[in-house]
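Asker: Below are the sequence and a predicted model for it; my questions follow.
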Amino acid sequence: MIHRRHFLQAAAAAASLGIPVGRAAAAQALTQDQLLAFDPVGQVTLLHLTDLHAQLVPMYFREPSLNVGVGSAKGQPPHLTEAAFRQAFDIAAGSPDAYTLTAEDFTALAREYGRMGGLDRIATLVGAIRAQRGDGRVLFLDGGDTWHGSWTALQTKGADMVGLMDLLKIDGTTGHFEFTLGAERMKELADARPYKFMAGNVLDEWKEPVFTSWQVIERGGVQIGVVGQAFPFTPVANPRWMIPD
């Protein structure tokens, strides 16, 4: 793995030419090793993946141009878009973060930066971090909206995605729109995983927890408590007949 100083040297060279680091990467001016290099600190590296929506290949993703907040929420995060969003979080126009997080000037920035995502790229990143730190110092969690959202996930009722998450060796997950697969299928998939499916706020008709609420995982000699809460508005964000109970 190339040391961080090499990445900084490349970044400085790009900056001296007036090219932001993100644009240098987009133009293939930085190597994969340089992009993956980082200085690990502390005893544990925490990795978190969320909202993959079963999308496996790089794709163009455009954030909404409008997000209406009501009452006291009006004009407050997360009800900010475009320039207002950038200004609130001090994001430079035309930057990789602006492209990723807003729809501002999307067509031009999409031509410049290209597609985002790709599970193979995520696997490469995770593999590089584990190789540098060792499995015993990495905790990898998934935030849900992972088993749902593509044609193949629909046809396999989530089987394709749980198989891929198993291969990534995540340490725990929770649920979001996965519940549209149905209660029985959710329980079947969750119970078969080698990691914990944590969703303490999901109760049955007797008001008893359906899934594990939390777990303690040791990494790097540290005891880490992980609490899982499924998306609380799932019953009103989807057709109720899909999750009647």
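Answerer: Thanks, I have the structure now. Residues are numbered from 1 along each chain as shown.

Asker: rest of the way, CA atoms for contacts and neighbours
Answerer: Fine.

Asker: mind listing what residue 216 touches?
Answerer: 223-226 (CA atoms under 8 Å, 6 or more residues apart in numbering).

Asker: Now do the contacts for residue 229.
Answerer: Applying CA under 8 Å, 6+ apart, the residues contacting residue 229 are 174-175, 198-201, 213.

Asker: Just the ones of the contacts of residue 216 in strands?
Answerer: 223-226 (DSSP state E).

Asker: So residue 68: helix, strand or coil?
Answerer: With DSSP: H, G, I helix; E, B strand; the rest coil as the basis, the three-state label of residue 68 is coil.

Asker: Any idea how many residues pack against residue 224?
Answerer: 14 (other CA atoms under 10 Å).

Asker: so it makes contact with residue 141?
Answerer: No. Judged on CA atoms under 8 Å, residue 224 makes no contact with residue 141 at a distance of 11.9 Å.

Asker: The most far-flung residue of the chain relative to its centre sits in which helix or strand?
Answerer: Ranked by distance from the centre of the chain (CA atoms, centre = their mean), the top residue is residue 206, with 33.1 Å. Residue 206 is part of no helix or strand, with elements assigned from DSSP states H and E.

Asker: Which pLDDT value goes with it?
Answerer: With respect to pLDDT, residue 206 scores 91.

Asker: Also residue 232?
Answerer: pLDDT at residue 232 comes out at 90.

Asker: For it, which residues are in contact?
Answerer: By CA under 8 Å, 6+ apart, the contact list for residue 232 reads residue 201.

Asker: redo that, cut-off 10 Å
Answerer: Contacts here follow CA atoms under 10 Å, 6 or more residues apart in numbering; on that basis residue 232 touches 175-176, 199, 201-202.

Asker: Report the set of residues contacting both of residue 224 and residue 141.
Answerer: Contacts common to residue 224 and residue 141, judged by CA under 10 Å, 6+ apart, are absent.

Asker: Contact partners for residue 115?
Answerer: 26, 57-61.

Asker: which residues of the protein fall in strands?
Answerer: With DSSP E as the criterion, the chain has strands spanning 45-49, 138-142, 172-173, 196-197, 214-219, 222-227.

Asker: What angle do strand 45-49 and the fifth one make with each other?
Answerer: With axes from the mean of the first three to the mean of the last three CA atoms, to 10 degrees applied, the angle from strand 214-219 to strand 45-49 works out at 130 degrees.

Asker: strand partners of strand 214-219, parallel vs antiparallel please.
Answerer: Counting by DSSP bridges, the strands paired with strand 214-219 are strand 222-227 (antiparallel).

Asker: Buried residues, the partner strand. List them.
Answerer: Using 16 or more other CA atoms under 10 Å as the test for burial, strand 222-227 gives residue 227.

Asker: Give me the angle between it and strand 138-142.
Answerer: Computed by the same axes, to 10 degrees, the angle between strand 222-227 and strand 138-142 is 0 degrees.
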